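1. no letters, just coordinates:
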């Protein structure tokens, strides 16, 4: 079974959902509490699971960031939603996540169109800024408490 | 306060009207506040906030016309001894933040802004008069309406854009102007003697120094002497006879104390913002709605809300001073609330100082981070330049995608003399089992007929590319919107230059897998 929502494709690899669950024995690591499969780089749009029990897994070796590469839908079904695309009902089972790729003819370079880890210089600056801000807020809160 | 009895339908419409009015206040602020804020507009309300918090009135209120100006002003207050000496800098008073958070906002929220309960009640009421499908639609709309952070995206972009400007742009004159503006505002409110060189600016100070009138000033304001000597005079004195005035001025204004970029990069800058203001109180419309129908009345919140509605983007409090940042005149957004304008700046600040007055955005993607970016935006939007020449210049993928989204298909195909080599059609609606995957069945009607076209463009048309370039044109099944993308020519050489093969490559699938897709939205 192959399902596509915009730039994300899910390929069903098994009707079972247990194979990815055993800790430290597989090449996948659960992203606990995560339900977003992919974010757009600037739009803030995202592919997100709701309305069912879902576990997302990142590949331990495959990527260094937190992009989920496997999904197990443990309830009868779960809803994959996105701000622009129609919601899809995903049946129970284990799925491989594939992201759309783009090609840059100017650099002869291929890369994922969506990502959950934008690693640009400006973003690290913003993170630094947010860090300063949250530290400040924490300090303010301490004083308030 | 008298509660109004209104029908559920009217209630829903009224709620959406209030929401729309709030959005309009944010994006068309010039309509509501045609002139720049003056001290008179905000002073009483700010004094009231301090009074209610049990604090003395602030000594000074600074007005900033842009977020950039606000950030630079904060930096000066944190790093400039002169301004600190004049007004003091003691940090945010917890009393006032607590008053706003607890007595104003939390008090109102605890009464009615428990939007989950509110939604439940609305759901219950709506069920009585709507059919099942109508109910589902209204419920989804209202849930999203109530829970969404309306201004989150705009807020994020304004902050990111300002941060980028702070990092990368030359601000010599801008910083001097802002500093002088702050000194003028301080002098006007605290009296001229409160600022040690009350008659103006660095330029003026140098001029006075050059005429050897320093001693007179130091004698009359002896308590400032040490500071003057430490900060400026020692630097000036030793060189005043050796160097031309311009060179001294340059040296002072570019010494390490004044180099904002250096401070940002070394992590020394202290830019703290307080999240109080129109963009940070997105659910204010909900209070207005509930106030209109007589469900709630809170005199503190009403007064606070009136202050923000005068056009206050954000308020920053200190024990001794307050900074008021005014809303931009206009914010241009696309249908998905992303900053977007093909006619000019997407954010129009109210004059003031901004080193880059043009905030160019296309569908949320910035074209304002450098002069080169700005020129790109101009070339893309005026349509005078060849698409191929523009594309050659754009290295950033999101910018390229944004550019392609506003340049007409005809122009792209014509400018690049693209050759249509393959077309394929999909009508996913024809798939028998589609119903089992589409969550809301009425959405099925939205699924568009799907056309994919593959064009070949000669490499030289897009610059010094040594092989043919393949461009895929495909439409989104949910929105019908058309997208372009390039395809790896090696893949097409190996498997055949067809639209199907190009699309399957793009999705990371084999041709067989692509043909077997059960649902595409």
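-> Thanks, I have it. From a predicted model like this one, the values you see are computed outputs, not experimental measurements.
2. which stretches of chain A aren't confidently modelled?
-> Of all residues in chain A, those with pLDDT under 70 make up the ranges A:19-26, A:40-44, A:60-66, A:106-145.
3. try it again at 80.
-> Segments of chain A classed as low confidence (criterion: pLDDT under 80) are A:17-35, A:39-46, A:58-67, A:83-84, A:104-145.
4. what helices or strands is the top strand by length along it leaning on?
-> Ranked by number of residues, the top strand in chain A under DSSP state E is strand A:68-81. Using 3 or more C-beta pairs under 8 Å, 6 or more residues apart in numbering or on different chains; DSSP states H and E as the contact definition, the elements that strand A:68-81 packs against are strand A:8-14, strand A:36-39, strand A:46-50, strand A:54-59, strand A:88-99. In this view, the C-beta of every residue, glycine as well, is placed from N, C-alpha and C.
5. next, format these as a markdown table and append distance to residue B:74.
-> Formatted as a markdown table, the helices and strands packed on strand A:68-81 follow (distance: least, C-beta to C-beta, whole Å):
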| stretch | distance to residue B:74 |
| --- | --- |
| strand A:8-14 | 41 |
| strand A:36-39 | 30 |
| strand A:46-50 | 32 |
| strand A:54-59 | 39 |
| strand A:88-99 | 40 |
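6. hmm, residue B:503 is touching residue B:472, no?
-> Yes. With contact defined as C-beta atoms under 8 Å, residue B:503 counts as touching residue B:472 (6.6 Å).
7. who touches both of the two?
-> Taking C-beta atoms under 8 Å, 6 or more residues apart in numbering or on different chains as the contact definition, residue B:503 and residue B:472 share the neighbouring residues residue B:452.
8. outline the domain layout of the chain.
-> Defaulting to chain A. Each domain of chain A is listed here as a residue range: A:2-114, A:117-145, per automatic domain parsing.
9. was after chain B, sorry
-> Chain B breaks down into these structural domains: B:8-65+B:94-149+B:280-329, B:332-407, B:415-515 (assignment by automatic domain parsing).
10. so the first one, near chain A or not?
-> Looking back up the chat, that one is domain B:8-65+B:94-149+B:280-329. Yes. Using C-beta under 8 Å from any C-beta of the partner chain, domain B:8-65+B:94-149+B:280-329 reaches chain A at B:94, B:97-98.
11. looking at those, which are in helices?
-> Counting by DSSP state H, those place B:94, B:97-98 in helices.
12. circling back: now, of the residues of domain B:8-65+B:94-149+B:280-329 next to chain A, which are buried?
-> Buried positions within those, assessed by neighbour count (16 or more other C-beta atoms under 10 Å in any protein chain shown), are B:94, B:97.
13. which one of the residues of domain B:8-65+B:94-149+B:280-329 next to chain A is nearest chain A?
-> Closest approach between those and chain A, by C-beta to the nearest C-beta: residue B:94, at 5.2 Å.
14. wouldn't residue B:477 be in contact with residue B:452 here?
-> No. Contact status for residue B:477 versus residue B:452: not in contact, 11.0 Å apart, counting by C-beta under 8 Å.
15. between those two, who's got more neighbours?
-> A side-by-side neighbour count of residue B:477 and residue B:452, using other C-beta atoms under 10 Å in any protein chain shown, places residue B:477 first with 23 against 19.
16. find the nearest non-adjacent residue to that one, please.
-> Using C-beta to C-beta, 6 or more residues apart in numbering or on different chains and skipping the chain neighbours, the partner closest in space to residue B:477 is residue B:520 (4.9 Å).
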